[in-house]
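Student: Sequence and predicted model, in that order:
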Amino acid sequence: MSEQKYVLAIDQGTTSSRAIIFDHAGTIVSTGQKEHEQIFPKAGWVEHDPIEIWDNVREVIGQALSKADLTRHDIAAVGITNQRETAVVWNKNTGKPVYNAIVWQDTRTQDIVDRLAADGGVERFKQIVGLPLATYFSGTKIVWILENVDGAREAAEAGDLLFGTTDSWVLWNLTGGTEGGVHATDVTNASRTLFMDLETLQWRDDILEAFGVPKSMLPEIKSSSEVYGTVEPSNLLREVPVAGILGDQQAATFGQAAFDAGESKNTYGTGNFLIFNTDTEIVHSKNGLLTTLGYKLGDQPAHYALEGSIAVTGSLIQWLRDNLGIISSAPEVEELAKTVEDNGGAYFVPAFSGLFAPYWRPDARGALVGLTRYVNKGHIARAALEATAFQTREVLDAVNADSGVDLTELKVDGGMIANNLLMQFQADILGVPVVRPVVAETTALGAAYAAGLAVGFWANLDELRANWQEDSRWTPQMDDAERDRQLRNWKKAVTKTFDWVDADVN
């Protein structure tokens, strides 16, 4: 083990950026956090300001170090985890973005998806990249910027523009920016662009040509655990190695110590993401799941996974707070939901960005169905929470069908797992136990683990497995008939969201 006692993880998420310092036991020592603005220029458009994100990252690093009374000399390595698919395009000479970051939830690129799908359908590249053509992934977002931002196409063709998901944006700035910043990403983030070959782990020239994206824009693809560079001199962490990158959902899986085939986790955040480890085997889903990279440690073989991505879960609770005002803070939703015995017959399908796994219906829009005069705001709060559990059940059914092995329990993490009502309903509707770990910040922990492994702070995966501890467990209490009835009603509600978007409906 190295002389330093800690590893710092930068967690650049959808709603905030955080810096979390961990000790060797995987315990949180201190945290810095700052939210950034959610920008909604039009219906279906979601943006972030990359400059604000970078400023916040620098600030939260200072917060975390200050709270723990630590300096760079105490930090063995820095790991980065990030909101995946969110696309940043910037000028490498000025360091300035040419446009706001286009967020993974953004649906403006549907016309580009349709254009690319005209030759071969939405699964045109799926056998190679593991993903269907969809607005979710960053490839179409780059195309939109090149086609809609004045001068972007010309600057890209001249080699002046760089693209990255927010891990690359943070890494480039952290390691020097215009003064020699490292332009790289890891295999997990690269696997979310629509451009990376799952077998070779390299960018596909023919796919880039089909999209019209110059290869010079793209970061170098690296493993998830290696030294990419060191922090630049003006930063509080100067000279500390940056040694781990994992997309947020893969990082959470790594933080849950789900390293082997058949192990999985479900993260409850802005959206929900269930990842099922398939080891070194590439498994192509027949049930609406994504094939993605799980992790790659240095020069060891890559590990793959099946993923079920759900667009709207935690953000539905934010919507109840910010758009409807029926709660004033997110934790209040549990107390409001507890004022009623059940959902009163109401089902809430939050297809605000269309439906992701397992349906992949961009034409869907949100629906609150089954309403009667009996339904009150408590029922709506409960229906909103239950929507998260129902969507997770459908994804888990798809995982079971693809893998041929039924999961016997579900490890969970993310902000919403503090909601005991939701966790119990999740166990009820799944019919299997739900397990919460002691350290719920598994996303940041996974990034810390990847960085620490690269510099010898942790010796091997067995050390990380030994850190994992169970905190709480919920076991199913609902009888089979009631579970079947609720699932039947949920699936009926989902069908009511289909075919909403057409030529004259945004």
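Tutor: Structure's in. What do you need?

Student: What residues sit buried inside stretch 88-104?
Tutor: Judged by neighbour count using 16 or more other C-beta atoms under 10 Å, the buried positions of stretch 88-104 are 88-92, 95, 97-104. The C-beta positions use only the backbone N, C-alpha and C, and glycine is treated the same way.

Student: you'd agree N93 is up against D160?
Tutor: Yes: between N93 and D160 there is a contact under C-beta atoms under 8 Å: 6.0 Å.

Student: Among the buried residues of stretch 88-104, name the least confidently predicted one.
Tutor: pLDDT across the buried residues of stretch 88-104 is lowest for W104, at 92.

Student: Can you classify that residue as helix, strand or coil?
Tutor: Following DSSP: H, G, I helix; E, B strand; the rest coil, W104 is assigned to coil.

Student: got a list of what it touches?
Tutor: Residues in contact with W104 (C-beta atoms under 8 Å, 6 or more residues apart in numbering) are 14, 83-86, 136, 138.

Student: For the nearest residue in space to it that is not next to it in sequence, give me its contacts.
Tutor: Nearest residue to W104, sequence neighbours excluded (C-beta to C-beta, 6 or more residues apart in numbering): E85, at 3.7 Å. Contact partners of E85, counting by C-beta under 8 Å, 6+ apart, are 104, 136-138, 141, 165, 192-193.

Student: again, only using 10 Å
Tutor: Neighbour list for E85: 102-106, 131, 134-141, 165-166, 189, 192-194, 247, 309 [criterion: C-beta atoms under 10 Å, 6 or more residues apart in numbering].

Student: and what of A190?
Tutor: A190 makes contact with 129, 138, 165, 168, 184, 196-197, 201-203, 218-222, 247, 293, according to C-beta under 10 Å, 6+ apart.

Student: Just to be sure, which of those residues are found in strands?
Tutor: Counting by DSSP state E, the part of the contacts of A190 found in strands is 184, 220-222, 247, 293.

Student: export the residues you listed to CSV and tack on neighbour count, distance to N376 and pLDDT?
Tutor: Shown next, in CSV, are these (neighbours: other C-beta atoms under 10 Å; distance: C-beta to C-beta, whole Å; pLDDT from 0 to 100):
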residue, neighbour count, distance to N376, pLDDT
A184, 22, 52, 98
E220, 12, 55, 98
I221, 21, 52, 98
K222, 21, 53, 98
G247, 33, 40, 96
L293, 27, 45, 96
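
Student: of these, closest to G79?
Tutor: Closest approach between those and G79, by C-beta to C-beta: G247, at 12.1 Å.

Student: hey, what's that closest one bridged with?
Tutor: N82 (DSSP bridges).

Student: my read is V29 is in a strand, agree?
Tutor: Yes: counting by three-state DSSP, V29 is found in a strand.

Student: can you pull up the bridge partners for the residue nearest to it when sequence neighbours are not counted?
Tutor: Excluding the flanking residues, the one nearest V29 by C-beta to C-beta, 6+ apart is I21, at 4.4 Å. In this entry, I21 is beta-bridged to L8, S30, by DSSP bridges.

Student: Let me see the contact set for I21.
Tutor: Listed by C-beta under 10 Å, 6+ apart, the contact set of I21 reads 5-9, 27-32, 61, 64-65, 67-68, 70, 74-75, 444, 448.

Student: Can you tell me which of these are buried?
Tutor: 6-9, 28-32, 61, 64-65, 68, 70, 74-75, 444, 448.

Student: Quick one: distance of stretch 365-375 to the chain centre.
Tutor: 29 Å (C-alpha atoms, centre = their mean, to the nearest Å).

Student: So for it, mean pLDDT?
Tutor: 95.

Student: go on, stretch 26-44?
Tutor: Stretch 26-44 comes out at a mean pLDDT of 93.

Student: Can you show me the strands along the stretch 201-350 of the chain?
Tutor: 220-222, 225-230, 241-247, 264-268, 272-279, 290-295, 303-310, 347-349 (DSSP state E, counting those that start in this stretch).

Student: Closest one of the ones in strands among the contacts of A190 to Q391?
Tutor: Among these, and counting by C-beta to C-beta, the member closest to Q391 is G247, at 20.2 Å.

Student: That closest one and K215: what is the separation?
Tutor: Applying C-beta to C-beta, to the nearest Å, the value for G247 to K215 is 21 Å.

Student: And the strands in the stretch 401-506 of the chain?
Tutor: 410-413, 434-437, 470-474.

Student: On the three-state scheme, the residue nearest to W104 is what?
Tutor: Under three-state DSSP, E85 comes out as coil.

Student: what sits against K496?
Tutor: K496 sits next to 347, 349, 351, 364, 367-370 when contact means C-beta under 10 Å, 6+ apart.

Student: could I get those residues as a markdown table with secondary structure and neighbour count?
Tutor: Shown next, in a markdown table, are the contacts of K496 (DSSP: H, G, I helix; E, B strand; the rest coil; neighbours: other C-beta atoms under 10 Å):
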| residue | secondary structure | neighbour count |
| --- | --- | --- |
| Y347 | strand | 22 |
| V349 | strand | 25 |
| A351 | coil | 24 |
| A364 | coil | 23 |
| A367 | strand | 18 |
| L368 | strand | 17 |
| V369 | strand | 17 |
| G370 | coil | 18 |
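
Student: biggest separation within those residues, which pair?
Tutor: Across those, the longest distance by C-beta to C-beta is 17.2 Å; it joins A364 and G370.

Student: Quick check: N148 touching N100?
Tutor: No: between N148 and N100 there is no contact, the gap being 12.0 Å when judged by C-beta atoms under 10 Å.

Student: Return the most buried member of the strands of the stretch 401-506 of the chain.
Tutor: Of all those, strand 410-413 has the most neighbours on average by mean count of other C-beta atoms under 10 Å, namely a mean of 24.

Student: Against which helices or strands is it packed?
Tutor: Applying 3 or more C-beta pairs under 10 Å, 6 or more residues apart in numbering; DSSP states H and E, we find strand 410-413 packed against helix 248-255, strand 264-268, strand 272-279, helix 377-403, helix 420-430, strand 434-437, helix 442-454, strand 470-474.

Student: redo that, cut-off 8 Å
Tutor: Counting contacts by 3 or more C-beta pairs under 8 Å, 6 or more residues apart in numbering; DSSP states H and E, strand 410-413 packs against strand 264-268, helix 420-430, strand 434-437.

Student: With secondary structure and distance to L208 added, can I get the buried residues of stretch 88-104 in TSV?
Tutor: Below are those laid out as TSV (DSSP: H, G, I helix; E, B strand; the rest coil; distance: C-beta to C-beta, whole Å):
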residue	secondary structure	distance to L208
V88	strand	18
V89	strand	15
W90	strand	19
N91	strand	20
K92	coil	18
G95	coil	24
P97	strand	21
V98	coil	19
Y99	coil	20
N100	coil	23
A101	strand	21
I102	strand	18
V103	coil	22
W104	coil	20
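
Student: What is the nearest of these to L174?
Tutor: Taking C-beta to C-beta as the measure, L174 lies nearest G95 of those, at 12.4 Å.

Student: tell me the contacts of the closest one?
Tutor: 173, 177-178.

Student: repeat that with 6 Å
Tutor: 177-178 (C-beta atoms under 6 Å, 6 or more residues apart in numbering).

Student: And for T278?
Tutor: Contacts for T278 (C-beta under 6 Å, 6+ apart) come out as 304-305.

Student: try A251
Tutor: By C-beta under 6 Å, 6+ apart, the neighbours of A251 are 81, 443, 446-447.

Student: Check the closest residue to Y347 other than its chain neighbours and give its pLDDT.
Tutor: Distance criterion C-beta to C-beta, 6+ apart; nearest residue to Y347, sequence neighbours excluded, is A493 at 3.8 Å. Note for A493: predicted pLDDT of 97.

Student: Next, Q33: secondary structure please.
Tutor: Once three-state DSSP is applied, Q33 turns out strand.

Student: and the residue nearest to it when sequence neighbours are not counted, how many neighbours?
Tutor: Closest residue to Q33 apart from its sequence neighbours, by C-beta to C-beta, 6+ apart: R18 at 4.4 Å. R18 has 24 neighbouring residues, counting by other C-beta atoms under 10 Å.
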